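**Student:** Starting from these lines, generate the structure:
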Amino acid sequence: MNKENLQKIIDQAVLTLREGGVLLYPADTIWGIGCDATNKEAVRKVYEIKGRSYNKPLIVLVPSVAQLYEVVSGVHPRIDTLLYFHERPLTVIYPEAREPYRHLAAEDGSIGVRVVKAGFCHDLLESYGQPLVSTSANISGTPSPTKFGTISSEIISQVDLALPAFAEKDMTGTASVIARYDANGELDFIRYVQ
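**Tutor:** Here you go, the predicted model:
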C-alpha cells in the first residue's frame, strides 16, 4: 500500500476517534478495539462490545515516552531508561494515573500503559496525538485474534470503523509482556510471553 492510501486510512481512523467512535485496529501486538482514552462514553462502549467486567482495567497506548508522562503521575528512572531501549511490546503498570485517565485506573489507582514504538499503530497514535485505550478484539473469555479472519463478526459489527487487514503485518502476533515495578524500579512480571 502506498503512503497516500495509508494516510487516507489513518485520517479516517483519526476522524472516527475524534467523533467518539470505537476502532477495530491492528495494535503492535494483536488485533485490538479501542478509542480515545479520555472519552468516557467511548470507553464504556469498548467494555460493552467486549463484554468485559468494568472492574478489569483497560490499557492505554501512547507513541512516545514523552506522552506517557501525560498519562501517569511518575515513572521510576530505571523504567524510564528501560523504555528507551526495550524493543518488544511491554505494558507497564504504573502506580498512579493522572486526572484525565483516572477512569481507566484499577481500584488501587494504578494504570497499564504501553509505548508503541513503530509500525501502523505507532503512525495512528502519532497522527491522532492522544492516547488510545486498547484491549484485545475478542469477546471476554474467547481467544485473542492474531489475524483479521479470526475476529468475531459480533465484534466487527459493533465497532464504528474496522481498519483493513493489511496493517497486521506490523503486529508481533502475541500479547505484550505485562509488568509492574516496585519502589526500586525492579520489574515484577505479571504476564510473560515467549
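
**Student:** For the residue nearest the centre of the chain, which three-state class applies?
**Tutor:** Centrality entry for the chain: nearest residue to the mean C-alpha point is Ser134, 3.2 Å, by C-alpha atoms, centre = their mean. Secondary structure of Ser134, reduced to three states by DSSP: H, G, I helix; E, B strand; the rest coil: strand.

**Student:** got the contact list for it?
**Tutor:** Under the criterion of C-beta atoms under 8 Å, 6 or more residues apart in numbering, the contact list for Ser134 reads Ala27, Gly32, Ile33, Gly34, Leu58, Ile59, Val60, Leu61, Arg114. (Glycine included, C-beta is placed from N, CA and C.)

**Student:** for these, which one is nearest Phe120?
**Tutor:** Proximity to Phe120 was ranked across these by C-beta to C-beta; first place goes to Ala27, at 9.0 Å.

**Student:** measure the closest one to Ser144 for me?
**Tutor:** Taken as C-beta to C-beta, to the nearest Å, the spacing of Ala27 relative to Ser144 amounts to 11 Å.

**Student:** Neighbour count: these two, which is higher?
**Tutor:** A direct count of neighbours by other C-beta atoms under 10 Å for Ala27 and Ser144 places Ala27 higher, at 32 against 17.

**Student:** Please enumerate the helices of this structure.
**Tutor:** For the chain, the helices defined by DSSP state H cover 3-18, 40-50, 65-71, 77-85, 119-128, 153-158.

**Student:** which of the residues in the last one are buried?
**Tutor:** This points to helix 153-158. When burial is assessed from 16 or more other C-beta atoms under 10 Å, helix 153-158 yields the following buried residues: Ile155, Gln158.

**Student:** Report all helices and strands that that helix contacts.
**Tutor:** Contact partners of helix 153-158 among helices and strands, from 3 or more C-beta pairs under 8 Å, 6 or more residues apart in numbering; DSSP states H and E: helix 40-50.

**Student:** give me that answer again for 10 Å
**Tutor:** Counting contacts by 3 or more C-beta pairs under 10 Å, 6 or more residues apart in numbering; DSSP states H and E, helix 153-158 is packed against strand 23-26, strand 31-34, helix 40-50.

**Student:** Check the burial of Leu163 by counting its neighbours.
**Tutor:** Neighbours of Leu163 under the rule other C-beta under 10 Å: 22.

**Student:** do the same with Leu125
**Tutor:** Number of residues near Leu125 (other C-beta under 10 Å) recorded here: 22.

**Student:** Now for the residue lying closest to it once chain neighbours are set aside: which residues touch it?
**Tutor:** Excluding its sequence neighbours, the residue lying closest to Leu125 (C-beta to C-beta, 6 or more residues apart in numbering) is Pro63, at 3.8 Å. In this structure, Pro63 makes contact with 115-118, 121-132, judged by C-beta atoms under 10 Å, 6 or more residues apart in numbering.

**Student:** Flag the shaky bits of this structure, pLDDT-wise.
**Tutor:** 1, 192-194 (pLDDT under 70).
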